[in-house]
Every structure is written in C-alpha cells, then in structure tokens.
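Undergrad: The following comprises the amino acid sequence and a computationally predicted model.
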Amino acid sequence: MTTPPNPFENLKHLAEQGDPTQQAKEAGAALQTIPDLQKWLREIRQAAVQGMREGGLSHAQVAAELGISRARAQQIAEGRTTGKRAGAEES
C-alpha cells in the first residue's frame, strides 16, 4: 500500500522518500508512535461518547448512532478496553 488510509495522508512522504535509510528510520519512528496514537484516538472517542450521553442519549442510542453494541458503547464511555489491548493497558 503506497497511499495511507485517511486521515494519515500526511505520512505519504514516507513512501516517496528517496533515501532508503531515511525512509526506514522515519517509518520506524512512525510505527513506534502507533500505541500513543491509538491511546489519543480512544480518548477522543471516549470524550465524544460521553458528550453524546451528556446530550441525553442512552447507551443504546449511542450504539445505534455508532453501529456498535450497547455494551460496547457503555465500555467506551467508561474508558474500558477489550481484547488484547486490555491486558497491556491495565498492566
């Protein structure tokens, strides 16, 4: 894949970098920040879901809007993770 998924187009220069050493270094640095990016995005999503709840929506209504289960909407609002990330984050 040479074009990154939206909204990461600003990283496209990595694929176009002429120097392979620099390309590898920059790509590696970007990869190392992915956990921080995921954490930041989860915090944004949690705040948005909490805002929806404060706006009067139930967990079921939030779930319907986001296309997720009611239980997952509640987990997001509470800042809980599931799956592999849960163990890593709670350590």
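TA: Here it is on my side, so go on.
Undergrad: Okay, A30 and Q22: tell me how far apart.
TA: 12 Å (CB to CB, to the nearest Å). (Glycine included, C-beta is placed from N, CA and C.)
Undergrad: Look at the two and report which has more neighbours.
TA: Neighbour totals were compared for A30 and Q22, and A30 leads with 14 against 11 (other CB atoms under 10 Å).
Undergrad: Work out for me the element the more buried one sits within.
TA: Element membership for A30, per DSSP states H and E: helix 20-32.
Undergrad: Return the set of buried residues in that helix.
TA: The neighbour-count check on helix 20-32 (16 or more other CB atoms under 10 Å) flags nothing as buried.
Undergrad: Give me the below-cutoff pLDDT ranges for the chain.
TA: 1-7, 83-91 (pLDDT under 70).
Undergrad: how does it look with 80?
TA: Low-confidence segments of the chain (pLDDT under 80): 1-10, 13, 17, 82-91.
Undergrad: Where is the longest helix in it?
TA: The longest helix of the chain (DSSP state H) is helix 34-54.
Undergrad: following it, which helix or strand shows up next?
TA: Next along from helix 34-54, by DSSP H and E: helix 59-66.
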